[in-house]
Structure formats: structure tokens, C-alpha cells
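> sequence first, then the predicted structure:
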Amino acid sequence: SSYDEVWVMNELMENLENGVPPIQLCLHMRDFQAGKSIASNIIDEGIMGSRKIIVVVSQHFIDSAWCRFEFELAQSRFMMERSASIIIIILEDVEERKTKKVFGLHKHLKKNTYLKWSRDPLSKMRFWIRLRKAILDH
């Protein structure tokens, strides 16, 4: 969600793109083509142009129609190509009943391992190690 952009820029982008090895993210504000429809950019640049898809789940994500649309597209790609993978980051606690608002999210969380963001320094260190491993594993 654009409301989580500060976290994405200051934490996710900072740690992944400036880490070793650097991991390039596809970010709408930087990587989407001007003049192209948002939906086309999401599909071409975001979903199909990426090896891994990171989904940052927050209350803002749950409330955003665009985020739900992007997640549904990511799930479709995952279903079509089993090699595609979705990495879920739980940015903040969201009530279980609210995760059911997003088609397939509740089920995905029940069946797959996900990462949970924490402000605790030791947990944060483990988070970055686990996220890098999930992204770099083929």
C-alpha cells in the first residue's frame, strides 16, 4: 500500500538493495513506465517481470482494492507457474477475519510460512536473514 511506502523505502529497499548481495526491487514509484496503465504496469513490470513477489500485509493492504488486485494476480501467476513464489511479510497484526477479505490471503497464510516484522533488534536481524534467504533460494 502507498501508506506503507515509508517502511518500504526506509527498511525494505534500504536493506535489500544496499545489502550483500544487492537485491533489486521493482517499485512502482521508480520502475513503472509513465503513460502505461497502472494495471499493465502491475502485470508486466511487477508480476511477470519479477522472480519473487513480496507482499507486505498491513491494515492498509487489506483496505486497498489495488493491493487486493495485485495479490490476486500474484496468486494467478503462482498457480500457473509453480516456480514463481510469493513471500509474505506481516508488517503489523491484522485480525484473522480481515485477512479473509482478501481472496486467498487467509488460505495462503494457513498453508505457507511467512515473515513477521518486529521492531526488536534481534528479531529484526533474524527477519533480514530469513528474507534474504527466501529471496535468493531458487
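All right, it came through fine. Please read these numbers as outputs of a predicted model, since none were measured by experiment.
> show me where this protein has helices.
All helices of the chain, identified by DSSP state H, fall at 5-7, 14-17, 28-31, 38-41, 59-63, 65-80, 96-99, 105-111, 121-136.
> buried residues in the second one?
Just to be clear, that refers to helix 14-17. Residues of helix 14-17 classed as buried: Leu16 (neighbour count, 16 or more other C-beta atoms under 10 Å). The way it works is simple: take the backbone N, C-alpha and C, and place the C-beta from them, glycine included.
> can you give the distance of it from its chain's centre?
14 Å (C-alpha atoms, centre = their mean, to the nearest Å).
> and of the helices of the chain, who's closest to Arg51?
Arg51 lies closest to helix 121-136 among those, at 8.3 Å (C-beta to C-beta).
> export that closest one as PDB, just CAs?
Written as PDB, here are the backbone C-alpha positions of helix 121-136 (Å, rounded to 0.1, in the frame of the first residue of the first chain):
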ATOM      1  CA  PRO A 121      16.700  -5.600  17.200                       C
ATOM      2  CA  LEU A 122      17.400  -9.400  17.500                       C
ATOM      3  CA  SER A 123      14.100 -10.300  15.700                       C
ATOM      4  CA  LYS A 124      14.900  -7.700  13.100                       C
ATOM      5  CA  MET A 125      18.300  -9.300  12.400                       C
ATOM      6  CA  ARG A 126      16.700 -12.700  12.000                       C
ATOM      7  CA  PHE A 127      14.000 -11.200   9.800                       C
ATOM      8  CA  TRP A 128      16.500  -9.800   7.300                       C
ATOM      9  CA  ILE A 129      18.500 -13.100   7.200                       C
ATOM     10  CA  ARG A 130      15.300 -15.100   6.600                       C
ATOM     11  CA  LEU A 131      14.000 -12.700   4.000                       C
ATOM     12  CA  ARG A 132      17.300 -12.700   2.000                       C
ATOM     13  CA  LYS A 133      17.400 -16.500   2.100                       C
ATOM     14  CA  ALA A 134      13.800 -16.700   0.900                       C
ATOM     15  CA  ILE A 135      14.600 -14.300  -2.000                       C
ATOM     16  CA  LEU A 136      17.900 -15.900  -3.000                       C
END
